[in-house]
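*Asks:* next come a sequence and a model predicted from it.
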2 protein chains.
Amino acid sequence: MDLAPELTRHLDRIEAGLDRHLPPAATRPGRLHEAMRYSLQAGGKRVRPVLALAAAEVFGVRDDAAVPAAVAVECLHTYSLIHDDLPCMDNDDLRRGRPTAHRQFDEATALLAGDALLTHAFALLAEAYADRPVLAHALIRELADAAGSRRLIGGQMEDLLAEKKANATAAELEFIHLNKTAAMIEAALVLGGLIGGANEDGIASLRLAGRHLGLAFQIVDDLLDATADTATLGKTAGKDAKAGKTTFVKVHGLDKSRQFAAHHTAAALAALKALPGDTRFLVALFEAMLARGK
Amino acid sequence: MDLAPELTRHLDRIEAGLDRHLPPAATRPGRLHEAMRYSLQAGGKRVRPVLALAAAEVFGVRDDAAVPAAVAVECLHTYSLIHDDLPCMDNDDLRRGRPTAHRQFDEATALLAGDALLTHAFALLAEAYADRPVLAHALIRELADAAGSRRLIGGQMEDLLAEKKANATAAELEFIHLNKTAAMIEAALVLGGLIGGANEDGIASLRLAGRHLGLAFQIVDDLLDATADTATLGKTAGKDAKAGKTTFVKVHGLDKSRQFAAHHTAAALAALKALPGDTRFLVALFEAMLARGK
């Protein structure tokens, strides 16, 4: 199938949703709301919200019912990037070619904008699905679990701890990627499924697809950083190795990393096959995301 | 009424609840969960969780049904303290006589522990009230709103902005205190009321009581900082003025601040009178909290 027009359709809905479901920039305090919007509107691939919308469509959601959930997922992802970029974490000056939030504003504003985006993710789910409180509760429970101390934040913490050691183990690496990367990809798909009224089997398949997609996506990222040149990559190549980052390539080498990527790609696609409904867009999207590494 | 035994009864339930409703310190990553518990267990007056439990009791909750909500409120309050203490914010080394989280651990761990406590507040509400999803949704909606960019975080941001100016206006000061202090006190009371099945009038009275209590509480704090000596206060007196903080005393002077405190105290107690049920404990607690300034 031709991915581009469908992807554009989803991206347009997401950009409109981000504008609609965030407090206006003029809301008091203006500086805080400007900073929230600055980081959210920095672009990026919008992988997670697209996954949420696409998963909902597989389960028959034809209207914009999943858009607030997609926006909530992107708010949560963006908060994690803002805090990750702070001087006490990765200390990055640039994100997607623009100054990071703490460089554009200041550190305190970036900290608070991250806090506010995290909080807004839950507020938005509670508000937008208020007429379906059972659904709102299920969405919030899923997102809070994926974003919590055992998953997203736990993965960040272990990643920091691993950087301080000479050699992280394969088990530590898996914990980091399962939680830092895969958790939110899983959650994005599951949120879409919940909105579409997926049954337990459907949710389990989405979760499995997200888990393998997340792991494959991360390994491909590590492979690209290790093998592509800076021009192809659009960012500095070899940055991970220089920073002493714990990557698949560092722990397992290139060949085994390629095998792992192929394994998780196949497993992700197999999980999609178990879904009812039309999964052609999701299959094409997964393949496009993972073909980058070849 | 004799406040002490009732207060002790609530505090015991809160300490037990904090231990029970937080992930064990050994949960991976251990350092993160240790840091979350370190800051939560730093003591403090537990004003907000006590208010949540007491409000629930006014509406007939005799069991521990409100304990998870009380713990969620304290997790949220503690996250705000951890982030507020960070070098890019108030840069405090001590909190309640112990090293702040970033001094005890490091800045990145403190940042993540704050993020994790904020996220856990929502996860806990979603989890503990999962068999009553309509209630869970209402609790989360209330807390997310109180903690969001228009209220708690908005108050923090305006407070930071006000510090940079020579003179904050009375309107700016009110925005800061209504949101930085009163929002979470309101939310604590409202959460208790929601668990007790309070009707709209009951919720409105709790919200009004919390708003006036929060404002009175903050003014009393400002008065104490300006008038008490360090020995009485248990912390460095005159710190606000030295730091250029926007306080009631700075904007309105001592006399007018005392009048404002008396006004908000009376209004808070009047709002309690509108509640059905036995409010003697809440009245005694409000009076004890606000008598500090005399």
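*Replies:* All right, it came through fine.
*Asks:* which of the residues in stretch A:211-231 are buried?
*Replies:* Buried residues in stretch A:211-231, counted by 16 or more other C-beta atoms under 10 Å in any protein chain shown: A:211-228. For every residue, glycine as well, the C-beta is placed using N, CA and C.
*Asks:* no, scratch that, I was asking about stretch A:275-292
*Replies:* A:275, A:279, A:281-286, A:289-290.
*Asks:* in CSV: those residues, plus pLDDT, distance to residue A:194 and secondary structure.
*Replies:* Output for those, formatted as CSV (pLDDT from 0 to 100; distance: C-beta to C-beta, whole Å; DSSP: H, G, I helix; E, B strand; the rest coil):
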residue, pLDDT, distance to residue A:194, secondary structure
A:275, 97, 14, coil
A:279, 97, 17, coil
A:281, 97, 19, helix
A:282, 97, 16, helix
A:283, 97, 21, helix
A:284, 96, 23, helix
A:285, 96, 19, helix
A:286, 95, 20, helix
A:289, 89, 22, helix
A:290, 88, 25, helix
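*Asks:* now look at the longest helix along chain A and say if it contacts chain B.
*Replies:* Secondary structure of chain A read by DSSP state H shows that its longest helix is helix A:200-227. No: using C-beta under 8 Å from any C-beta of the partner chain, helix A:200-227 never reaches chain B; the gap is at least 15.5 Å.
*Asks:* what's that helix packed up against?
*Replies:* Secondary-structure packing of helix A:200-227 (3 or more C-beta pairs under 8 Å, 6 or more residues apart in numbering or on different chains; DSSP states H and E): helix A:47-58, helix A:183-195, helix A:239-242, helix A:248-273, helix A:280-291.
*Asks:* OK, contacts around residue A:133?
*Replies:* By C-beta atoms under 8 Å, 6 or more residues apart in numbering or on different chains, residue A:133 lies in contact with B:133-134, B:137-138.
*Asks:* show only the entries of the residues you listed found in helices.
*Replies:* Those of the contacts of residue A:133 lying in helices (DSSP H): B:133-134, B:137-138.
*Asks:* now the buried members of those.
*Replies:* Buried among those by 16+ other C-beta under 10 Å: B:133, B:137-138.
*Asks:* now tabulate the residues you listed in JSON lines and tack on distance to residue A:245 and pLDDT.
*Replies:* As requested, those are exported to JSON lines (distance: C-beta to C-beta, whole Å; pLDDT from 0 to 100):
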{"residue": "B:133", "distance to residue A:245": "41", "pLDDT": "98"}
{"residue": "B:137", "distance to residue A:245": "40", "pLDDT": "98"}
{"residue": "B:138", "distance to residue A:245": "43", "pLDDT": "98"}
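*Asks:* does residue A:250 touch residue A:241 like I think?
*Replies:* Yes: in terms of C-beta atoms under 8 Å, residue A:250 counts as a neighbour of residue A:241; the distance is 6.8 Å.
*Asks:* who has more neighbours out of the two?
*Replies:* Using other C-beta atoms under 10 Å in any protein chain shown as the criterion, residue A:250 and residue A:241 rank with residue A:250 on top: 17 against 14.
*Asks:* ok, the more buried one to chain B distance?
*Replies:* 20 Å (C-beta to the nearest C-beta, to the nearest Å).
*Asks:* now residue A:78
*Replies:* Counting by C-beta to the nearest C-beta - residue A:78 and chain B are separated by 13 Å.
*Asks:* brilliant, that's me finished.
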